[in-house]
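>>> task: produce atomic coordinates for the following.
(one chain, ligands or ions: 1)
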Amino acid sequence: MAKDEIEYKDHNTLFETAPYVESAEKKRVFEAACSREQAKEIEEYLKTPEYQEINFSRKETVINPAKACQPLGAVLGALGFEGTLPFSHGSQGCIAYFRSHLARHFKEPVPAVSSSMTEDGAVFGGMKNLIEGLQNATTLYKPKMVAIHTTCMAEVIGDDLNAFIGNARKEGVISEDFPVAYCNTPSFVGSHTWGYDHMIKGIISYLTERHGDLRPADAPKTEKLNLISGFDTYTANFGEIKRILELFGVEYTFLGDHSESLNSPADGSYKYYYGGTKLADVPLAPGAQATLALQKYSTKKTREYIEESWKQPTSAVYSPIGITATDKLLKEISRITGKPVPQELIKERAQVVDALTDSHPYLHNKRVALVGDPDILLGLISFCLEVGLEPVHILCSNGDKEFEEEAYGLLKASPHGIDAKVYVGHDLWHLRSLLFTDPVDFAIGSTHLKQNCKAAGIPLVRIGFPIFDRHHLHRFPILGYQGALHVLTTVVNTLLQQLDDQAEPHSFDFVR
Ligand code: SF4
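Residues are numbered from 1 along each chain as shown. Sure, this is the predicted structure:
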């Protein structure tokens, strides 16, 4: 077929053509939609302080929370281990959601299976499904380990994963020594960050205790440092942290490294499993000198377990985004290992400070709304304050009191943060009101903010999870000094584009 015989229309132009316009009109009639004038009137009312008061008085209804459910985090955690197949004990709809959510963000296939519970399972329990599922999954996909998590249905009916896995072994569906880790992830509490935490704890506790003969004192002592990424959806962050540790000359083990699982090469073949923490490395991890978590709020249970069971010291930083937070990370690595911060990183820091100084005039006093998970938000707050941005609305659907206090601690320590307000447990519909009653210049957060930002006429800098509508952002780091440079570049260029878009001819400058 010749090239010019094909007419391509993009989404926008296609839906402006007659058949679609007519179809949309018929739909309006069929649905007895209100008139366009009425719709406009309501839209304007939703922007008023009066509606904001009603909106903030909501008690039982949540509209568009900026979080996902626990098992999604459990799937991400499981993908961080060698040859590991995430297994969702629940309905197919749940795993379809986790897989599609992760696949849309990473643009990668996400191998994960389900016990496919239906009404039968809900009434009689899900043991049969789980045992059959284990048999099918291990036969078809030949994993080195299966990592099971629960979903709402399995939790509500009280399925006992430990007993079910034991019965699967008794029935010979899986051998006595085939590794099956598990965790409970009741989705009606917490969020994806809790699910991640539970799965990492589930896997490392299983792999270190499964033979029942390992005590922390038995693991040979090493100079290694254990790292836990937290719920981190930037594959490039792993490379950046590894580079930093290698510059320090520190040997390390990542307890959960999903950077390769979600960055598979297009080389003509397909594998289910790429990279991940070697299963054999986990039982040696209790012998390391310490464990350092790169997110504190998404690793609480895992760190508690390591301290209590491995008797190993742990420490945690919030996401090291920007200069100050990266300084804290490097000081922590230096404190734990006794090694000085490498000269190369000191030089790199100065280069990023120089870049920051160049961009500062375009950032100073710009008002920003921030949305995300607790750790990433603290990193972003720290970054904003050090570059002169003014965080105004900080919304964290899955934050707690401790996060709120830590956020205010950071904000109140800077003149740029004193007017900021932190909204824990609120949702994106609350934020919508705030964007109209107390406007900002731009917002930082996930793709879920795009409708709010479009309605408020402000740009959105996409940082966090999920990012569905921009490509490859997760392939660039946001942590460390290189990450700071990347975040700075993204933010300042967004604001420069806004400046150009709003400029009159006499201000449409060539040099910014
Ligand atoms: S909230 Fe419950 S039902 Fe919904 S996807 Fe998560 S686990 Fe499944």
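>>> how close does residue 459 sit to the ligand?
As for residue 459, its distance to the ligand is 31 Å (criterion: Cβ to the nearest ligand atom, to the nearest Å). Placement of C-beta: from N, CA and C, glycine included.
>>> residue 394 now?
Note on residue 394: its distance to the ligand, by Cβ to the nearest ligand atom, is 25 Å.
>>> and for residue 403?
When Cβ to the nearest ligand atom is the yardstick, residue 403 and the ligand sit 22 Å from each other.
>>> backbone dihedrals for that residue, please?
phi -60, psi -40 (degrees, to the nearest 10).
>>> pLDDT score assigned to it?
The score at residue 403 is 98. That number is its pLDDT.
>>> the strands in the stretch 1-150 of the chain, which residues?
84-89, 113-114, 145-150 (DSSP state E, counting those that start in this stretch).
>>> dump those strands into JSON lines; add mean neighbour count and distance to the ligand as well.
Supplementary listing: those in JSON lines, determined by neighbours: other Cβ atoms under 10 Å; distance: least, Cβ to the nearest ligand atom, whole Å:
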{"stretch": "strand 84-89", "mean neighbour count": "28", "distance to the ligand": "8"}
{"stretch": "strand 113-114", "mean neighbour count": "22", "distance to the ligand": "10"}
{"stretch": "strand 145-150", "mean neighbour count": "27", "distance to the ligand": "8"}
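>>> turn those strands into CSV, including mean pLDDT and distance to residue 488.
Below are the strands of the stretch 1-150 of the chain laid out as CSV (pLDDT from 0 to 100; distance: least, Cβ to Cβ, whole Å):
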stretch, mean pLDDT, distance to residue 488
strand 84-89, 98, 35
strand 113-114, 98, 41
strand 145-150, 98, 37
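>>> could you redo those as JSON lines and give each row distance to residue 225?
Supplementary listing: the strands of the stretch 1-150 of the chain in JSON lines, determined by distance: least, Cβ to Cβ, whole Å:
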{"stretch": "strand 84-89", "distance to residue 225": "23"}
{"stretch": "strand 113-114", "distance to residue 225": "33"}
{"stretch": "strand 145-150", "distance to residue 225": "24"}
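>>> so the residue nearest to residue 104 when sequence neighbours are not counted: helix, strand or coil?
Beyond its immediate neighbours in the sequence, the residue positioned closest to residue 104 (Cβ to Cβ, 6 or more residues apart in numbering) is residue 468, lying 4.6 Å away. Three-state secondary structure (criterion: DSSP: H, G, I helix; E, B strand; the rest coil) places residue 468 in coil.
>>> any idea how far residue 105 is from residue 468?
Per Cβ to Cβ, to the nearest Å, residue 468 is found 6 Å from residue 105.
>>> again with residue 19
Going from residue 19 to residue 105 by Cβ to Cβ gives 33 Å.
>>> cool, and residue 303?
26 Å.
>>> one more: residue 420?
Taken as Cβ to Cβ, the span from residue 420 to residue 105 is 28 Å.
>>> more neighbours, those two?
For the pair residue 420 and residue 105, the greater number of neighbours falls to residue 420 (24 against 20), based on other Cβ atoms under 10 Å.
>>> may I have the residues that are in contact with that one?
381, 390-394, 411 (Cβ atoms under 8 Å, 6 or more residues apart in numbering).
>>> for it, what are phi and psi?
Here the main-chain torsion angles of residue 420 (degrees, to the nearest 10) amount to phi -70, psi 150.
>>> for residue 184, same thing?
Backbone torsions of residue 184, given as degrees, to the nearest 10, read phi -100, psi 130.
>>> wait, it touches residue 160, no?
No: at 9.9 Å, residue 184 and residue 160 do not qualify as touching, with contact defined as Cβ atoms under 8 Å.
>>> who has more neighbours out of those two?
More neighbours surround residue 184 than the other of residue 184 and residue 160, with 19 against 14 (other Cβ under 10 Å).
>>> quick check: nearest residue in space to the more buried one, chain neighbours excluded?
Counting by Cβ to Cβ, 6+ apart, the nearest residue to residue 184 once its immediate chain neighbours are dropped is residue 150, at 5.1 Å.
>>> what is that neighbour paired to in the beta sheet?
Judged by DSSP bridges, the bridge partners of residue 150 are residue 89.
>>> which residues lie in contact with it in this structure?
If a contact means Cβ under 8 Å, 6+ apart, then residue 150 has 71, 89-90, 159, 161, 183-186 as its contacts.
>>> highest neighbour count among these?
Top of the contacts of residue 150 by neighbour number is residue 185, holding 33 neighbours under the definition other Cβ under 10 Å.
>>> what about that residue, which helix or strand?
When elements are assigned from DSSP states H and E, residue 185 belongs to no helix and no strand.
>>> now do it, the pLDDT please.
Looking at residue 185, its pLDDT is 97.
>>> and the gap between the residue lying closest to it once chain neighbours are set aside and the ligand?
Taking Cβ to Cβ, 6+ apart as the measure, residue 185 lies nearest to residue 70, with 3.7 Å between them; neighbours along the chain are not counted. With distances defined as Cβ to the nearest ligand atom, the gap from residue 70 to the ligand amounts to 7 Å.
>>> the ligand contacts on this protein?
When proximity is defined as Cβ under 6 Å from any ligand atom, the chain approaches the ligand at 69, 71, 90, 94, 97, 151-152, 187.
>>> out of these, list just those in helices.
71, 94, 97, 152 (DSSP state H).
>>> tabulate these (a markdown table), appending pLDDT.
Conversion of those to a markdown table gives the following (pLDDT from 0 to 100):
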| residue | pLDDT |
| --- | --- |
| 71 | 98 |
| 94 | 96 |
| 97 | 96 |
| 152 | 95 |
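>>> just the helices in the stretch 301-450 of the chain please.
Defined through DSSP state H, counting those that start in this stretch, the helices belonging to the stretch 301-450 of the chain, from first to last, are 323-337, 343-363, 374-387, 401-412, 428-437, 450-456.
>>> for the helix or strand just after the shortest one, packing partners?
Okay, so that is helix 450-456. Proceeding C-terminally, helix 450-456 gives way to strand 460-462 as the next helix or strand, assigned by DSSP H and E. Where contact means 3 or more Cβ pairs under 8 Å, 6 or more residues apart in numbering; DSSP states H and E, strand 460-462 is packed against strand 442-445, helix 480-502.
>>> model confidence over the first one, on average?
pLDDT averaged over strand 442-445 equals 98, rounded to a whole number.
>>> please state the offset of it from the chain centre?
When C-alpha coordinates are averaged (Cα atoms, centre = their mean, to the nearest Å), strand 442-445 and its chain have centres 16 Å apart.
>>> direction included, what does it pair up with?
In the sheet containing strand 442-445, the strands it pairs with under DSSP bridges are strand 367-371 (parallel), strand 460-462 (parallel).
>>> give me the angle between the longest one and helix 401-412.
Between the axes of strand 367-371 and helix 401-412, defined by axes from the mean of the first three to the mean of the last three Cα atoms, to 10 degrees, the angle is 160 degrees.
>>> then strand 367-371 to CSV, C-alphas only?
Taking Å, rounded to 0.1, in the frame of the first residue of the first chain, the C-alpha atoms of strand 367-371 are listed here in CSV:
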residue,chain,number,x,y,z
ARG,A,367,4.0,28.5,44.1
VAL,A,368,3.6,24.8,43.8
ALA,A,369,1.2,22.0,44.8
LEU,A,370,2.8,18.7,45.6
VAL,A,371,1.1,15.3,45.6
